[in-house]
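Chemist: Got a predicted model here, sequence first, then my questions.
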Amino acid sequence: MSSNEIKEIKDLLIDLYLSVKVRKSEEIETLLPENIDLERNIIKHLPVIDIIGYIQNSIDTLVELRANDLYEQKIEKEESKSKYINYENPEDANGLKLYEGMLIKAEGDLRNHIKVI
């Protein structure tokens, strides 16, 4: 592999990291191209293995944030659904079983996705 190819791969990894980097809301609002260029120049001096580690950490954080969002949505749905479900009524109980099955499948899909990463 030539040095130009290695440099190109490193530049692509830097771009990937900057695109998946987890940022605070305030930071996103004030994000300017100059800030990204400054950050890119700082990262260029790091070893490739460190850049890959940063990418992995950002992806792990994004997956964890998404999992937390899904969990909170699940809790909210369960709380709102429990207000309206008549557990004595067989039709509501069947709907609840179907809903629980869908949630179990979604959780399994999420776990499989996390295992892949």
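Modeler: Great, that's in hand. Being a predicted model, the structure only gives us computed values, none of them experimental.

Chemist: which regions of the chain lie under the pLDDT threshold?
Modeler: Applying pLDDT under 70 to the chain flags residues 81-96, 115-117.

Chemist: ranges for the helices of it?
Modeler: 3-20, 25-29, 33-43, 48-84, 90-116 (DSSP state H).

Chemist: Let's have the ones you listed in TSV, adding mean neighbour count.
Modeler: Just so you know, the C-beta spots here come from the backbone N, C-alpha and C atoms, and that holds for glycine as well. TSV is the format used below for the helices of the chain (neighbours: other Cβ atoms under 10 Å):
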stretch	mean neighbour count
helix 3-20	13
helix 25-29	8
helix 33-43	12
helix 48-84	12
helix 90-116	11
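
Chemist: What is the burial count for residue 44?
Modeler: 12 (other Cβ atoms under 10 Å).

Chemist: mind starting the numbering at 15 from now?
Modeler: Done: numbering now begins at 15, and the last item shifts to residue 58.

Chemist: what's near enough to touch it?
Modeler: Applying Cβ atoms under 8 Å, 6 or more residues apart in numbering to residue 58 gives the contacts 24, 28.

Chemist: how far away is it from residue 30?
Modeler: 14 Å (Cβ to Cβ, to the nearest Å).

Chemist: what does residue 94 give?
Modeler: Counting by Cβ to Cβ, the gap from residue 94 to residue 30 is 39 Å.

Chemist: Residue 46 too?
Modeler: Distance, residue 46 to residue 30, by Cβ to Cβ: 20 Å.

Chemist: for residue 114, same thing?
Modeler: For residue 114, the distance to residue 30 - Cβ to Cβ - is 38 Å.

Chemist: repeat for residue 60
Modeler: Distance, residue 60 to residue 30, by Cβ to Cβ: 14 Å.

Chemist: do residue 65 as well
Modeler: Following Cβ to Cβ, the distance that separates residue 65 from residue 30 is 8 Å.

Chemist: now residue 48
Modeler: Counting by Cβ to Cβ - residue 48 and residue 30 are separated by 20 Å.

Chemist: Quick one: residues contacting residue 80.
Modeler: Contacts of residue 80 (Cβ under 8 Å, 6+ apart): none.

Chemist: I'm done for today, thanks for sticking with me.
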